[in-house]
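Enquirer: only geometry, no sequence info:
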């Protein structure tokens, strides 16, 4: 049985796997935060939705890396919707894109029921305070440091709340 995911990295591979998402995965791994990044945690033969959905349900926090083509991916939007529906804390990173530029289009790639879920999830995420980053002139180490500080702070808060609930029950 695989160890539960601590931090789920929701991203558009083509835009960020070799940059911010890959760097965050490595940074989180070194800090023993048990990150999940599809290209790193999944192997040939793994069931895509089964593994990803399970990682999302078991994660403590999500990091959504929004990028220019993020909203064109059914998978990205499905993951984001599941994170939001599961009431996970999500830290948005607006990578080379402004929140106002993100929109779920009705272009026929997803059924109507998914379209509604995806639009709701994206609106929730867009109006969550996040980090913005311009890859052409941004400070990469500052982005990694700031994201990690936020994630660690949120994880500590979640653990403290779990402990309080445990004491109240006990």
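Expert: Sure thing, it's come through. As the structure is a computational prediction, the values presented were derived from the model and not from experiment.
Enquirer: Which secondary structure element of the chain has the lowest mean pLDDT?
Expert: Ranking every helix and strand in the chain by mean pLDDT, DSSP states H and E puts helix 38-41 at the bottom, with a mean of 69.
Enquirer: Do a quick rundown of the strands in the protein.
Expert: For the chain, the strands defined by DSSP state E occupy 7-11, 35-36, 61-66, 89-95, 131-133.
Enquirer: From the contact counts, what lies against the first one?
Expert: To tie it back to what came earlier, the one meant is strand 7-11. On a contact count with 3 or more Cβ pairs under 8 Å, 6 or more residues apart in numbering; DSSP states H and E, strand 7-11 meets helix 20-30, strand 35-36, strand 61-66, helix 74-85. All C-beta atoms are positioned from the backbone trio N, CA, C, and that covers glycine.
Enquirer: Okay, angle between it and helix 20-30 too, please.
Expert: Interaxial angle, strand 7-11 versus helix 20-30 (axes from the mean of the first three to the mean of the last three Cα atoms, to 10 degrees): 170 degrees.
Enquirer: Strand 7-11 to strand 61-66, inter-axis angle?
Expert: Using the same axes, to 10 degrees, strand 7-11 lies at 10 degrees relative to strand 61-66.
Enquirer: just the fourth one next, same as before
Expert: Counting by the same axes, to 10 degrees, strand 89-95 points 20 degrees away from the direction of strand 61-66.
Enquirer: Contacts for strand 89-95, please.
Expert: Applying Cβ atoms under 8 Å, 6 or more residues apart in numbering, the contact partners of strand 89-95 are 10, 15-16, 20, 60-67, 80, 83-84, 99, 125-126, 128-133, 135, 143, 147, 150-151, 154, 158.
Enquirer: Report the inter-axis angle for that strand versus helix 74-85.
Expert: 140 degrees.
Enquirer: give me the number of residues near residue 145?
Expert: 12 (other Cβ atoms under 10 Å).
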